[in-house]
Every structure is written in C-alpha cells, then in structure tokens.
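Enquirer: curious how this folds, go ahead:
(chains A and B)
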Number of protein chains: 2
Amino acid sequence: MRPQIVLFGDSITEQSFRSGGWGASLADTYSRKADVFNRGYGGYNTRWALFLLHHLFPLDLRKAPPVAATVFFGANDAALFGRTSEKQHVPLDEYKENLRKIVKHLKESSPAMLVVLITPPPVDEPGRKAYAKSVYGEKAMEFPERTNDMAGVYAWQCVDLAKELGVWSINLWSKMQETDGWQQKYLSDGLHLTPEGNAVVFEEVVNVFSEAWLSPAEMPLDFPHHSEIEGEDPEKAFQYLCL
Amino acid sequence: MRPQIVLFGDSITEQSFRSGGWGASLADTYSRKADVFNRGYGGYNTRWALFLLHHLFPLDLRKAPPVAATVFFGANDAALFGRTSEKQHVPLDEYKENLRKIVKHLKESSPAMLVVLITPPPVDEPGRKAYAKSVYGEKAMEFPERTNDMAGVYAWQCVDLAKELGVWSINLWSKMQETDGWQQKYLSDGLHLTPEGNAVVFEEVVNVFSEAWLSPAEMPLDFPHHSEIEGEDPEKAFQYLCL
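Expert: Predicted coordinates for the structure are as follows:
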C-alpha cells in the first residue's frame, strides 16, 4: 500500500488532471512513491464540502489515512451575495469555521497528516465578464459575481487560520499577482487555471510538501529500479520483498 | 470507495501522467467516478513484472480488487538479444506465457475484472538510432536494439493470446501505423509516446472500456452535482448518503 495524497477542493481541483494540470503533475512527480487522489467537486463551497468529509476521510482505523491532503476551497465561498452565483456564497466567518472543521477532522483521522490549505486564486473581473457574455450573451449580468478584492479577503482569512491551527498554507491569491499579466497568463476565464496557472499551483504544493517531510526526491521507489535488476538473476533484486 | 482502474505496464505506463499523458486523461475522464492507479515500471519486461504481481494485486478478500486493468508490456520484452538492451529481452514464447500468468492472476483476484492487453507500440528505428546517438554519442551501437518487425511479432502474439483467453486487446502497433507520419507524430524517441501518441492510447482504452461495460458517461458521480444542491436546503441533496 503506497502513501496516499488526497486533493480535496472545488473545480480547480476537479480539473487538475486535465492536460498540464497540477494534480496530474503531482501524480507524475510522486510516481512509484505515492498515489494522488482527486477529490475535487466543481461548484462546491466549504459548506457543502462538510457533507462529504466523513465519507471521504472516514475515521476507520482499519483504513490507512492519507499522509497528506490539500484543502483548496474559497473560490465559490467568495462568490458575492445578491449576484448570479449567490447560491455558492458562504459568509466569511462561516468559511473560516468550515475550514477549521475540515482541518480538525483531518487531524482527527491522522494527527500526523500533512495538511495544506490553499487560498482561492485571484479573480480577473474583465475575464469573468467576457466569460459570462460568451455563455449567457446579453443576459449576462452587468455586475461581476466575484471580485478580486473579495477573493483576497477570503484568501487572507484562510492564511490566518492556517497559522492559527499550525498547518501549512499557500497564498495563491498573492503569489499569482506577483507576476505581470497574471490575468491572462494564469487564468483561462478569469477564475480557472491555464496550464501556466496549474504549474504555479504544482510548484507551490511540491515546495511545501518538500519543505515539510514529503520530498519526492527522498522517497523510495516502491520496487527496484530496472537498473538494479540483473539479467541473469532477477530474483536477487526482489528478494527483500519476501522479508 | 470508488471503483479502481489499474494501469500495469512499463515506462509507457509510468510516464502516462506527464502533460497530455493517457493515464492522466483517463483519470480526468473518470473523475468523480473511478480512481486510476499508475502501476507503470520503466524498463520492466513481463518476466520482472511477475515478481510484482502478488504485491500489486493481492489475493486478499478484504481488499476490493480493481474493476479494470490495462496490461501494457512488450516494448522491453521485444528488445533484441545480443544488442544493447538484451538484458530486457524476453523470448517470444515466454512473453506469451508471462502475459497468460498475469491475466490468470488478475482473473483469479476478480473473475469480473475487465482486463485489456495493450501491445507494444511500433518502433521507429531511425528515431531510436538518433536517440542512442544523442545519449551515447559515437559509442552508440550501429545496430538497433529494437526493430519494428520484432515489436510487431510480439504485438500479434499479445493479440492472439487475448483472443485465446477471451479478454480485450488493443493492437497499438497496427493502429498507430495506420496514420502517415506515425514515426514522428506518435513517437518522441522512436519508442516512447508524444502527446499525440498518448491521445491514441487514451482513445483506444476509453473505447474498449466503454464497449465493455465501463462507459464513463454512464457511471454515476460519487456525490451530487452542484446544480442539484439547493442553496437554502443543501442537506436535501446529501440525504441519500445516510441510507
């Protein structure tokens, strides 16, 4: 049984195995070392995520818990009340408390679990508007359903909570905005990630995992590398498996 | 617990989660429906794969077996005896018998498992030669370590065995050569796959899975789609989970 890494989040996690996706890149990087599970739920906010928590992370001693989990919500929670995506809106305080419940549950399932909170990415409002027009035409509402400022408020709340709970965090909202042209470079529709945006998430996650204790370079392969197998005596390389 | 799909094979499987890879595309296609496990072992032939069989697919009734597995070996078995990769060479008859043992074991672990044998891809000999020169310079052997004809012999043996055992197969060797320019279009170094080559494998596997009984379109999502969740009464969508 290999160590398990679970990616828990919304559409940005669900889509992370598309070409160039950060989830697939993680799976590739940890290939033969850990299994990466996609537990991304498009459109979900932290309120709805709570319904899944016990199903996805059962407190069952017979099942090995994940060694690490990313918790990547907020893009939907931060949707504005009174706009087209208000169904997904979760008030700031509740967002924080929901994240706290998620972390608490993960730590209950395994105190040693490496938990990484990821903030929502920045929002490019003109990009969102163009996207809404392409989908809804003239019916698209004039006012954005998400703003970058509000995503930032949720992002800092997420980072603060991680500090308070002593878990790792990635401030994607800040990180992405350090790069000129982040709006088109990292976001495909003002919210979801381009391959370059996926690469940022991938690098940040691997950096945090490595800085903690889950460095892919230091983890052993599950079975012998082919160069260690002798053509005339292949058994030799596999004998340790009988121990 | 989601249904599990296991990809068992050599480097062409191990690398299948790189950007545009067929494994990642499968994981994306079955997202929220099945988990895709990469069990690719670069450089391995069927002889060495047998050492892993009981570890990767334990006959343990407490563990749910995979619902489907791809078995994708032969590219190394078909390396020529007496050339630079002879350590990996496995005689044709033994290749067939090893594949038979693998299928037998998978069916023993679960008679209902959907087993798909994939043949080695075609070999582009000039591409292999160029690759060898780029790595070994003038020390590269003049004679190729793999030929397309020999890969074909192994491919047909694989297809024949699948027929004999009543399991599915994909003749990648034939399929790829139906397209003009397959040498550069599908192969990056005369043997491994480009993103276009990965797309061929992905499409073939999804086609076979769908034709059998594992159509992603017909499989249910693990949890409610966000459109089914009511903003005022989210519990309602999740009540069935308590059944």
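Enquirer: okay, strands next: where are they in chain A?
Expert: A:4-9, A:35-40, A:68-72, A:114-118, A:168-170 (DSSP state E).
Enquirer: tilt between the third one and strand A:4-9?
Expert: Using axes from the mean of the first three to the mean of the last three Cα atoms, to 10 degrees, the interaxial angle of strand A:68-72 with respect to strand A:4-9 works out to 10 degrees.
Enquirer: helices or strands up against the lowest-mean-pLDDT helix or strand in chain A?
Expert: Counting by mean pLDDT, DSSP states H and E, chain A has its least confident helix or strand at helix A:125-136, which shows a mean of 90. Applying 3 or more Cβ pairs under 8 Å, 6 or more residues apart in numbering or on different chains; DSSP states H and E, one finds that helix A:125-136 makes contact with helix A:182-185. Every residue, glycine included, has its C-beta placed from N, CA and C.
Enquirer: buried stuff in the helix it packs on?
Expert: For helix A:182-185, a neighbour-count test (16 or more other Cβ atoms under 10 Å in any protein chain shown) marks A:182, A:183 as buried.
Enquirer: contacts for that helix?
Expert: A:122, A:124, A:126, A:127, A:176, A:179, A:190, A:194, A:196, A:197 (Cβ atoms under 8 Å, 6 or more residues apart in numbering or on different chains).
Enquirer: now with 10 Å, please.
Expert: With Cβ atoms under 10 Å, 6 or more residues apart in numbering or on different chains as the test, helix A:182-185 has contacts from A:121-127, A:148, A:175-177, A:179, A:190, A:194, A:196-197, A:200.
Enquirer: please save the CA atoms from it in CSV.
Expert: Taking Å, rounded to 0.1, in the frame of the first residue of the first chain, the C-alpha atoms of helix A:182-185 are listed here in CSV:
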residue,chain,number,x,y,z
TRP,A,182,-1.4,37.1,-14.3
GLN,A,183,-4.9,37.8,-15.5
GLN,A,184,-4.4,36.0,-18.9
LYS,A,185,-1.2,34.1,-18.1
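Enquirer: give me the mean pLDDT for it.
Expert: Confidence for helix A:182-185, expressed as mean pLDDT, is 98.
Enquirer: next: stretch A:141-153.
Expert: pLDDT averaged over stretch A:141-153 gives 90.
Enquirer: any quick PyMOL command for the buried ones out of the contacts of helix A:182-185?
Expert: A single PyMOL command selects the buried members of those (16+ other Cβ under 10 Å):
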select buried, chain A and resi 121+122+123+124+125+127+148+175+176+177+190+196+197+200
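Enquirer: among the contacts of helix A:182-185, name the ones in helices.
Expert: A:125, A:126, A:127, A:148, A:175, A:176, A:177, A:196, A:197, A:200 (DSSP state H).
Enquirer: of the residues you listed, which is the nearest to chain B?
Expert: For the ones in helices among the contacts of helix A:182-185, the closest approach to chain B (Cβ to the nearest Cβ) belongs to residue A:196, at 11.9 Å.
Enquirer: I'd guessed the closest one sits against residue B:19; true?
Expert: No: in this structure residue A:196 lies outside contact range of residue B:19 using Cβ atoms under 10 Å: 11.9 Å.
Enquirer: would you map the helices across chain A?
Expert: Going by DSSP H, chain A shows helices at A:11-14, A:22-29, A:46-56, A:92-109, A:125-136, A:148-165, A:172-177, A:182-185, A:195-212, A:235-238.
Enquirer: from the chain's centroid, how far away is the first one?
Expert: The reference is to helix A:11-14. 7 Å (Cα atoms, centre = their mean, to the nearest Å).
Enquirer: check whether it contacts chain B.
Expert: Yes: remark: helix A:11-14 sits within contact range of chain B at A:11, A:13, A:14, by Cβ under 10 Å from any Cβ of the partner chain.
Enquirer: for that helix, name the packing helices and strands.
Expert: If you count contacts as 3 or more Cβ pairs under 10 Å, 6 or more residues apart in numbering or on different chains; DSSP states H and E, helix A:11-14 packs onto strand A:4-9, helix A:22-29, strand A:35-40, strand A:68-72, helix A:195-212.
Enquirer: which among the ones you listed is found nearest to chain B?
Expert: Of the helices and strands packed on helix A:11-14, nearest to chain B by Cβ to the nearest Cβ is helix A:22-29, at 3.7 Å.
Enquirer: so which elements touch the closest one?
Expert: Contacts defined by 3+ Cβ pairs under 10 Å, 6+ apart place helix A:22-29 against strand A:4-9, helix A:11-14, strand A:35-40, strand A:68-72, helix A:195-212, helix B:22-29, strand B:35-40.
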